[in-house]
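Undergrad: need coordinates for the below:
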Amino acid sequence: MKKLIPLFLLLLFFLVVTSVVVAQKDDSTRKSVPAGADTVKVKTDKDCQQGAIGDLFKKKEKTPKPPKKFMALVLPNISSNPSNGFVLGVGGTFGWYMGSKENTRVSAAPFTLAVTSKKQLISFVKSNIYTREDKFFLQGDWRFYLYSQPTYGLGTNSPDTMNLPGGFHWDGEGGDLDSAAFPMRFNYIKFHEIVNRKIVKNFYVGIGYHFDYYYSIQDEKFHMSATDTLWTPHSFYSRKYDYDTTGYMLSGLSANVVYDSRDNQANPYKGIYANINYRYNLNFLGSGTDCSELWMEFRTYVNLSKNKPRHLVAFWVFGDFNITGHMPYMTLPNLGGDQRARSGRGYTNGRYRGKNLVYGEVEYRFPIWPCSNILGGVVFANATTTDNPDRDVALFKYIQPAVGFGLRIMINKYFRTNINLDFAIGSKSSGFYFSGQETF
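TA: So this is what the prediction gives:
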């Protein structure tokens, strides 16, 4: 792992430098076109408008139809991985405007409904909705799972003897299973809803309600008898902090601050997104104990070419911290714990877990298809660190990186909806990812 960290940093440096050089060359080439070149049959920036895959199969309209205010991308979810077995279902995203496109941002709601050969049910809707004139920003995360998922203990050093096969993931769901893991089965209900009110342009404050309920938990390697006991990370932690090993609940309120200057939430070309969420779980609301959690997130999109807005570098960093009390094991900060469960390409969701977690990612996005930019590509790298105070493992003592690349196929140019195909490699782990919306 120590050998991978310098490689990770070198890759980040190479991506940024290469991107800037290419962008400068692209702009300087266009500026050097001599006067009168408009009489030559050369494609100009005005001619090269963003296209979508559907444009290839229809005649060019003399008077383009105005874009619709609603879009639905529904795709089959047919895949296979060791944790889920054969997966069959549907997934995609909805996009719409609740007001005029001139003064209202686009709303989006990715969704999935699938069943698996291992008797699992995966269903979720993860919404980000802007009301008319952006007066309110509503953030929702609703899930119902009949699920199984391995856990590996706390900290980014656990376990240190893993050897994971690759898997195919839909929007982060799915994963890997091996002999170093501790398999678990459980049912899960999640209802998170935050209502933010605009104070000034791009700036919101709000309150939210958060409910997480894990029940019918089966910690499959845990065994206790009069003569023999086999502890697992989940059972050890739960017994230490007085949680029932078969089920627990968190229920609490949150205070939120959001800054959002992105030009599009599904596929931004520029802008900043920042979010601070402080959640307090209260015993009288149903939580097993009083405890609090702080979420801090920052994203920015740096455009590298005036002529090609899809040519950019995107940065994402967030921290998730258990501030007071002791949260139940499965609710602790974990990789993939973001709203859309998209962090940590290269690893299965929940692969790294701790009392605190910090995550960072950089992605270079660029167009491939000449002029119309229907086809695009990405190259990305990410890194994760978590802690384990019970074993004196601090944040940043161990860092787990991953790198990858992917293709983007523009489906709806007005909503900027892509079909995303990614491949990522982590530390002794890898995965293919298929989704209907940009990772961040």
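Undergrad: so the spatially most central residue of the chain: helix, strand or coil?
TA: The centroid of the chain falls nearest to R342 when counting by CA atoms, centre = their mean (2.2 Å). What DSSP: H, G, I helix; E, B strand; the rest coil gives for R342 is coil.
Undergrad: quick one: it from D390, how far?
TA: In this view, R342 and D390 are 29 Å apart by CB to CB, to the nearest Å. Every residue, glycine included, has its C-beta placed from N, CA and C.
Undergrad: please apply the same query to R299.
TA: Taking CB to CB as the measure, R299 falls 32 Å from D390.
Undergrad: just want to know which of these two has more residues nearby.
TA: Taking other CB atoms under 10 Å, R299 and D390 do not tie; R299 has more neighbours (19 against 13).
Undergrad: let me see the contact set for the more buried one.
TA: With contacts defined as CB atoms under 8 Å, 6 or more residues apart in numbering, R299 is in contact with 262, 268, 272-274, 314-317, 440.
Undergrad: hmm, who's touching the helix or strand harbouring V317?
TA: Assessed by DSSP states H and E, V317 sits inside strand 312-324. Strand 312-324 has contacts (CB under 8 Å, 6+ apart) with 15-16, 19, 268-270, 278, 290-304, 332-333, 337-338, 343, 355-365, 440.
Undergrad: got it, and stretch 127-147?
TA: Stretch 127-147 has contacts (CB under 8 Å, 6+ apart) with 98-100, 103-109, 119-126, 185-198, 204, 206, 208, 258, 260, 265, 339.
Undergrad: narrow those to those in strands?
TA: Taking DSSP state E as the definition of strands, the contacts of stretch 127-147 contribute 107-109, 121-126, 185-198, 204, 206, 208, 258, 260.
Undergrad: got the buried residues for stretch 245-256?
TA: By 16 or more other CB atoms under 10 Å, the buried positions in stretch 245-256 come out as 245, 248-252, 254, 256.
Undergrad: would you mind giving those residues as CSV with pLDDT and distance to G376 added?
TA: Below are these laid out as CSV (pLDDT from 0 to 100; distance: CB to CB, whole Å):
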residue, pLDDT, distance to G376
T245, 92, 47
Y248, 95, 43
M249, 95, 43
L250, 95, 39
S251, 96, 42
G252, 96, 40
S254, 97, 36
N256, 97, 32
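Undergrad: what about these, which are in strands?
TA: 248-252, 254, 256.
Undergrad: now those in CSV, with distance to Y414?
TA: Shown next, in CSV, are these (distance: CB to CB, whole Å):
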residue, distance to Y414
Y248, 44
M249, 42
L250, 39
S251, 40
G252, 38
S254, 33
N256, 29
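Undergrad: nearest to D422, of the residues you listed?
TA: Taking CB to CB as the measure, N256 is the one of these closest to D422, at 29.6 Å.
Undergrad: so that closest one touches F203, yeah?
TA: No: with contact defined as CB atoms under 8 Å, N256 does not reach F203; the gap is 11.7 Å.
Undergrad: strands along the stretch 251-400 of the chain, start to end?
TA: 271-281, 291-303, 312-324, 356-367, 375-386, 400-412 (DSSP state E, counting those that start in this stretch).
Undergrad: where does the stretch 201-350 of the chain dip in pLDDT?
TA: Counting by pLDDT under 70, the stretch 201-350 of the chain contains low-confidence ranges at 225-226.
Undergrad: just to revisit the earlier point, are any of the contacts of stretch 127-147 buried, and which?
TA: Neighbour-count burial (16+ other CB under 10 Å) applied to the contacts of stretch 127-147 gives 98-99, 104-109, 120, 122, 124, 126, 185-186, 188, 190, 192, 194-196, 198, 204, 206, 208, 258, 260, 265, 339.
Undergrad: quick one: Y433 and S343, what's the gap?
TA: Counting by CB to CB - Y433 and S343 are separated by 12 Å.
Undergrad: more neighbours: these two, which one.
TA: Shown here are Y433 and S343; by other CB under 10 Å, S343 has more neighbours (25 against 22).
Undergrad: contacting residues for that one?
TA: Applying CB under 8 Å, 6+ apart to S343 gives the contacts 316, 318, 335-337, 359, 361, 382, 384.
Undergrad: what sits closest to it if chain neighbours are left out?
TA: Distance criterion CB to CB, 6 or more residues apart in numbering; nearest residue to S343, sequence neighbours excluded, is Y359 at 5.3 Å.
Undergrad: one more: S148?
TA: The shortest distance from S148 to any residue other than its chain neighbours is 4.5 Å, reached at R185 (CB to CB, 6+ apart).
Undergrad: and the pLDDT at the one you found?
TA: pLDDT recorded at R185 is 92.
Undergrad: and what of A72?
TA: 83.
Undergrad: list the contacts of the nearest residue to it once chain neighbours are set aside.
TA: Spatial nearest neighbour of A72, chain neighbours left out: F94 (5.4 Å); criterion: CB to CB, 6+ apart. Contact partners of F94, counting by CB under 8 Å, 6+ apart, are 70-73, 108-109, 111.
Undergrad: give me every residue that touches the nearest residue to N334 once chain neighbours are set aside.
TA: Leaving aside its sequence neighbours, N334 sits nearest to R353 (CB to CB, 6+ apart; 4.0 Å). R353 sits next to 151-154, 329, 332-335, 386 when contact means CB under 8 Å, 6+ apart.
Undergrad: scan those and report the most crowded one.
TA: Most neighbours among the contacts of R353, by other CB under 10 Å: T386, with 30 neighbours.
Undergrad: circling back: neighbour-wise, which of the contacts of F94 leads?
TA: Neighbour counts for the contacts of F94 peak at A108, which has 24 neighbours (criterion: other CB under 10 Å).
Undergrad: Y97 is in contact with that one, correct?
TA: No: counting by CB under 8 Å, A108 does not reach Y97; the two are 10.7 Å apart.
Undergrad: mutual contacts of the two, please.
TA: Common neighbours of A108 and Y97, counting by CB under 8 Å, 6+ apart, are absent.
Undergrad: ok now do I276, which residues does it touch?
TA: 256-258, 294-297.
Undergrad: go again using 10 Å as the cut-off
TA: 205, 254-259, 294-298 (CB atoms under 10 Å, 6 or more residues apart in numbering).
Undergrad: what distance do you get for it to S254?
TA: 10 Å.
Undergrad: okay, and the common contacts of those two?
TA: Common neighbours of I276 and S254, counting by CB under 10 Å, 6+ apart, are 294-295.
Undergrad: mind checking pLDDT for K68?
TA: pLDDT at K68 comes out at 75.
Undergrad: which stretch of helix or strand covers it?
TA: Applying DSSP H and E, one finds K68 in no helix or strand.
Undergrad: many thanks, I have nothing further to ask.
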